[in-house]
Structures are given as C-alpha cells and as structure tokens.
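Asks: I would like the atomic coordinates for the input below:
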Amino acid sequence: MIYPPDIALDLKDAGSGKVQTAPSRGVLNDLELSELEPDENIQRSVKSHHHAGTFPFMARDLLARARYKTNGPANCHLYRRYDLESFYYMLIWAALTYTTQGRSCKAPTGSKKNPLKEWLSPDPKTVYYSKLILQGNDFNRLGGKVSREWVGLWEDWVEPLNRMFSKGLFAADQAPRNADANFDTATCDGLITFERFMDVIQETPR
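Replies: Coordinates of the predicted model:
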C-alpha cells in the first residue's frame, strides 16, 4: 500500500517560499489533485472537499459521501479497507475489460449490457448504485463476461473477495439500523482487513 503522505513532496520552504532543490529520485504526479498555479505568488493547499480518487474504483462509502458533497473529516479517506475495496474493483474492471494478448481492451461503453458502463458516470450516485449489484445475485452473471485470460484470477481472487466484501459491507449497512454502537467501522467489524484480504486470495504478505 502507498499512501499520499508517504510520497508527497513539498518543494517549497514554508517560511521563505523558496524552491528547495535536491537530487532527483523520480517523479510521481497526482493528476487527480493537480491544478494550474496562478501567476501571482499565492500559496495553495489541498482542501478536504477537493475530489480525490477515481469513481470507477472508489469505495462505496466515499461515493455515498460524494453524493451529498459532504466536507471535512467525514469525507476523508479514513480507512485502509477503502484501498482494499478499490483494488477489488480494479480486478473486476481488468477481468471484464482487458485481454492480456496485445493489451487490447473491450470498451465498457461498447455494450449496453456491460455492467461497468455506469462505473464511468460522472455522477457518484450512479456509480454507487451500480456497485450495489456486486452484493447480489447479479454478480454471478458477470462471470460469463470475463475475458478468457482472466478466468483463473476471477475464480481464485475476485469471487472469494466478492464474498468477503459482500459480507463486510452488508454488516456495515446493517450496523446503523441495528444501533450497534460497538461496530468497528474501520474494518467492518473485522470482516475486511488486510490480513483477511491476503488470506482470501491465498497470498503471503511481503
């Protein structure tokens, strides 16, 4: 896992405003948070209400909050399980969209029946509800649309992960209704953790 605070670079001295130089170690651009600097010498900082993340791979909690444009801590990326959930969506996207031979791809917009078509919507509400089908029987229908090269990964990783996320997110949805004050939201009460994720895909953390 790579978190923005671990890799963020601040090349300006907060006191003098001068650019600090150092030997180059590579460049990482966060284009989702980028913007043109004004001509004036104006200091800017990333605000909590700035959009961060890509809707097709964004965790459901974050999509739900984006629907209501909530700001502040409630809209922050608080939990590691959001990264795990995003990776899960990326696996689904790859299996239903890409082929390994020649790196060709099937555009999600090319078929009205492609469930990922709505993942490309600019409306977080649309993307949110399109991901709810992953918790229902509709998920089983996706298997028939998987590219041949991805069948093994689908069966070994995606299907087991779907069971884990479905159980965990369902529990998280039910907790407020059940007034469960002791529910651990960070891990969906222990149902979605890095350790469980790795165990489900039968991989050993490095």
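
Asks: Tell me the secondary structure at Ala179.
Replies: coil (DSSP: H, G, I helix; E, B strand; the rest coil).

Asks: from now on call the first residue 19
Replies: Sure thing, new numbering starts at 19, so read that last one as Ala197.

Asks: can you map out the helices along this structure?
Replies: Ranges of helices within the chain are 22-25, 78-85, 98-115, 142-150, 156-160, 169-171, 177-195, 212-218, based on DSSP state H.

Asks: Among those helices, which comes closest to Cys206?
Replies: helix 177-195 (3.6 Å; C-beta to C-beta). (Each C-beta comes from the backbone N, C-alpha and C, glycine too.)

Asks: elements contacting that closest one?
Replies: helix 98-115, helix 212-218 (3 or more C-beta pairs under 8 Å, 6 or more residues apart in numbering; DSSP states H and E).

Asks: which of the residues in it are buried?
Replies: 179-180, 182-183, 186-187, 189-190, 193 (16 or more other C-beta atoms under 10 Å).

Asks: do the same with stretch 165-180
Replies: 165, 168, 171-172, 175-176, 179-180.

Asks: again, but for stretch 200-213
Replies: Within stretch 200-213, the residues that qualify as buried are 201, 205-206, 209-211, counting by 16+ other C-beta under 10 Å.

Asks: I'd like these as JSON lines, with pLDDT and distance to Phe73 appended.
Replies: Listed next are the buried residues of stretch 200-213 as JSON lines, based on pLDDT from 0 to 100; distance: C-beta to C-beta, whole Å:
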{"residue": "Phe201", "pLDDT": "91", "distance to Phe73": "27"}
{"residue": "Thr205", "pLDDT": "92", "distance to Phe73": "24"}
{"residue": "Cys206", "pLDDT": "93", "distance to Phe73": "21"}
{"residue": "Leu209", "pLDDT": "96", "distance to Phe73": "24"}
{"residue": "Ile210", "pLDDT": "95", "distance to Phe73": "20"}
{"residue": "Thr211", "pLDDT": "94", "distance to Phe73": "25"}
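
Asks: Which two among the residues you listed are spaced furthest apart?
Replies: Of all pairs drawn from the buried residues of stretch 200-213, the one with the longest distance (C-beta to C-beta) is Phe201 and Thr211, at 14.5 Å.

Asks: picking that back up, looking at the buried residues of helix 177-195, spot the one nearest Arg98.
Replies: Among the buried residues of helix 177-195, and counting by C-beta to C-beta, the member closest to Arg98 is Gly186, at 12.7 Å.

Asks: Let me know the distance separating the residue nearest to Thr222 when sequence neighbours are not counted from Asp198.
Replies: Nearest residue to Thr222 in three dimensions, chain neighbours excluded: Met216, at 7.1 Å (C-beta to C-beta, 6 or more residues apart in numbering). Look at Met216 and Asp198: by C-beta to C-beta, to the nearest Å, they are 27 Å apart.
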